[in-house]
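**Q** Below: sequence and its predicted model.
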Amino acid sequence: MPHPSSQPAAPEPDSSSSSKVFSRSTYPEYRRILSILRTETVGGALLLAATVVALIWANSPAADGYFALRDVKIGYEPWHLELSLGHWASDGLLAVFFFLAGLELKREFVAGELRKPSKAVVPVAAAVGGVVVPALIYVLFNLGTAGETLKGWAIPTATDIAFALAVLAVINTHLPAALRTFLLTLAVVDDLIAIGIIAFFYSTGLQPLMLLAALVPLALFTFLVQKRIRSWYLLLPLALATWGFVHASGIHATVAGVLLGFAVPVLASGKKGEPAEGLAEHLEHKLRPFSAGFAVPVFAFFSAGVALGGLDGMGAALRDPVALGIVAALVVGKAVGVFGTTFLVTKTTRASLDSSIAWIDLFGLALLAGIGFTVSLLIGELSFGAGSAHNDHAKVAILAGSLISALLAAVVLKARNRRYRQVQADEERDDDGDGVPDVFARA
């Protein structure tokens, strides 16, 4: 029996007329998600540190050194790969981040929460609402301005899972398993939408021959991984070739990471002598620490640095409709989009919340979704160009909107932390000693 709580448990719904949403997943899925979130939490701390260092350096007397470092060019010009360090970080390192996003998305649809339509409908709808509403709010703020500002409509649509988890770690909250699963699934679907937006709306000068050429190494990579071949000296050159051709095609190079991730099989082959760990899980274990601990923080370091220009500069930035639209979209749009869509879908499908959580918990999570950083910074650069006034103002707004969202979410979620501790205690109890917590055994 679970521990009694200070709040009465919600009555069980009639199974004939309703179903539960935000219920616990299986114990293996619970453990997998915990492992991912731990890695991303550490990555989020490094992300915060890299952002702070970049902002301090970019606004110090040594600011010229920061911008000179960001703009140093390296690479092979005949292949159109002589890029600045900042460009390498956004096009190259972030491809690893998107590769993992592709792996995680495929896993969710094949073996995770999204394989069941009844469980997929809420996080998918919430992610869509969390993209559409912020985009509309941004457009409303920029309708009467020059057409160039409307290019940034997608900037406030992304949620940064690493930054969000870092905030949770700082406020020391203990989200129930169902909310953790929802947060990760929401972020994964959000990434998929962001990838589609980048591919279809922010690709310029399309080169069809280069895109066709990319299919050759991609097909070979797919063939090898489907045969469960794990040799890095075969897979890595093909992955790099795919990335290079996609980069040359005019489609943003991070899309190559997603395509490669989709190619990897999620489930283990089950053949005799094959490792029990599937190839997707193997690659994720190898690459996630690199992505969370190096690739994303380095991108943040080169992208977050903006000369604020003191109070006058901050004031000028926040008078720009681009910045105002981003802040409003992140703080209000994300919360309304995620929470409102979740509420509507739940009520229209005659579903009910699991007894371990309440609507205020979902509202706190919706506020947390307003932390848009990594992908928002990338889309800002694609919208206005690195170093432009609008892009600098967008960076200030992304930081400000994310900070406000984080503070509001912290207030709501911290107030519920006593309840979360009670739920966590239930989720860790194993009275029969079989190695599986009792709440999962009952499920």
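**A** Arrived safely, thanks for sending.

**Q** For the longest helix belonging to the chain, which helices and strands make contact with it?
**A** As assigned by DSSP state H, the longest helix anywhere in the chain is helix 27-58. Applying 3 or more CB pairs under 8 Å, 6 or more residues apart in numbering; DSSP states H and E, one finds that helix 27-58 makes contact with helix 63-70, helix 161-171, helix 177-201, helix 279-290, helix 296-304, helix 438-442. Placement of C-beta: from N, CA and C, glycine included.

**Q** could you give the angle of it to helix 177-201?
**A** 60 degrees (axes from the mean of the first three to the mean of the last three CA atoms, to 10 degrees).

**Q** Tell me the gap between helix 27-58 and the middle of its chain.
**A** 11 Å (CA atoms, centre = their mean, to the nearest Å).

**Q** Over to stretch 158-178?
**A** That offset, for stretch 158-178, works out to 12 Å (CA atoms, centre = their mean).

**Q** In that stretch, which residues are buried?
**A** By 16 or more other CB atoms under 10 Å, the buried positions in stretch 158-178 come out as 158-169, 173-178.

**Q** Same check on stretch 358-365?
**A** Applying 16+ other CB under 10 Å to stretch 358-365 flags 361-365 as buried.

**Q** could you dump stretch 217-235 to PDB, C-alpha only?
**A** This file holds the C-alpha atoms of stretch 217-235, laid out as PDB (Å, rounded to 0.1, in the frame of the first residue of the first chain):
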ATOM      1  CA  PRO A 217      26.400   7.800 -47.900                       C
ATOM      2  CA  LEU A 218      23.100   8.000 -46.100                       C
ATOM      3  CA  ALA A 219      21.900   4.800 -47.800                       C
ATOM      4  CA  LEU A 220      25.200   3.000 -47.100                       C
ATOM      5  CA  PHE A 221      25.000   4.100 -43.400                       C
ATOM      6  CA  THR A 222      21.500   2.800 -43.200                       C
ATOM      7  CA  PHE A 223      22.500  -0.500 -44.700                       C
ATOM      8  CA  LEU A 224      25.300  -1.000 -42.200                       C
ATOM      9  CA  VAL A 225      23.300   0.000 -39.100                       C
ATOM     10  CA  GLN A 226      20.400  -2.200 -40.200                       C
ATOM     11  CA  LYS A 227      23.000  -5.100 -40.300                       C
ATOM     12  CA  ARG A 228      23.800  -4.000 -36.700                       C
ATOM     13  CA  ILE A 229      27.400  -3.100 -37.700                       C
ATOM     14  CA  ARG A 230      28.900  -0.900 -34.900                       C
ATOM     15  CA  SER A 231      32.400  -0.200 -36.400                       C
ATOM     16  CA  TRP A 232      33.000   3.500 -35.900                       C
ATOM     17  CA  TYR A 233      35.600   3.600 -38.700                       C
ATOM     18  CA  LEU A 234      32.800   2.600 -41.200                       C
ATOM     19  CA  LEU A 235      29.900   4.600 -39.700                       C
END
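
**Q** Now do residue 316 against residue 328, distance only.
**A** Going from residue 316 to residue 328 by CB to CB, to the nearest Å gives 18 Å.

**Q** ok, now residue 201?
**A** Per CB to CB, residue 201 is found 21 Å from residue 328.

**Q** repeat for residue 183
**A** Residue 183 is 23 Å from residue 328, by CB to CB.

**Q** of the two, who's got more company?
**A** Taking other CB atoms under 10 Å, residue 183 and residue 328 do not tie; residue 183 has more neighbours (22 against 18).

**Q** you'd agree that one is up against residue 160?
**A** No. Counting by CB atoms under 8 Å, residue 183 stays clear of residue 160, with 11.5 Å between them.

**Q** Can you report how many residues neighbour residue 241?
**A** 18.

**Q** what about it, helix or strand, and which?
**A** According to DSSP states H and E, residue 241 maps onto helix 232-249.

**Q** What is the distance between that helix and the centre of its chain?
**A** Taking CA atoms, centre = their mean, one finds the center of helix 232-249 at 23 Å from the center of the full chain.

**Q** Can you give me the buried ones in the next helix or strand along the chain from it?
**A** Using DSSP H and E, the helix or strand that follows helix 232-249 in sequence is helix 254-263. Neighbour counts over helix 254-263 (16+ other CB under 10 Å) mark 254-261, 263 as buried.

**Q** so what pLDDT did residue 187 get?
**A** In this model, residue 187 is scored at 81, pLDDT.

**Q** The helix or strand residue 379 falls within vs helix 254-263, what angle?
**A** For residue 379, the element it lies in under DSSP H and E is helix 374-384. Interaxial angle, helix 374-384 versus helix 254-263 (the same axes, to 10 degrees): 140 degrees.

**Q** hmm, who's touching helix 374-384?
**A** 47, 90, 94, 97, 148, 151-152, 154-158, 160, 162-163, 191, 194, 197-198, 202, 252, 254, 296, 299-300, 303-304, 322, 326, 390-391, 394-395, 398 (CB atoms under 8 Å, 6 or more residues apart in numbering).

**Q** Repeat the analysis, applying 6 Å as the threshold.
**A** 90, 151-152, 154-155, 158, 160, 194, 202, 296, 303, 390-391, 394, 398 (CB atoms under 6 Å, 6 or more residues apart in numbering).

**Q** Out of these, the closest to residue 121 would be?
**A** residue 194 (20.2 Å; CB to CB).

**Q** count of neighbours near the closest one?
**A** Neighbours around residue 194, by other CB under 10 Å: 25.

**Q** got a list of what it touches?
**A** Neighbours of residue 194 in contact, by CB under 6 Å, 6+ apart: 158, 375.

**Q** so how far is residue 188 from residue 122?
**A** Residue 122 is 14 Å from residue 188, where distance means CB to CB.

**Q** cool, and residue 49?
**A** Distance from residue 49 to residue 188, counting by CB to CB: 25 Å.

**Q** Looking only at neighbour counts, state which of the two leads.
**A** Between residue 49 and residue 188, counted using other CB under 10 Å, residue 188 has the larger neighbour count: 26 against 14.

**Q** Do I have it right that that one meets residue 103?
**A** No. Using CB atoms under 6 Å, residue 188 makes no contact with residue 103, being 9.9 Å away.

**Q** ok, and what's touching stretch 149-160?
**A** Counting by CB under 6 Å, 6+ apart, residues outside stretch 149-160 touching it are 131, 134-135, 138-139, 142, 187, 190, 194, 197, 321-322, 326, 329-330, 369, 371-376, 379-380, 383, 394.

**Q** change it to 7 Å
**A** Here stretch 149-160 makes contact (CB atoms under 7 Å, 6 or more residues apart in numbering) with 130-131, 134-135, 138-139, 142, 186-187, 190, 194, 197, 201, 321-322, 326, 329-330, 333, 369, 371-376, 379-380, 383-384, 390, 394, 401.
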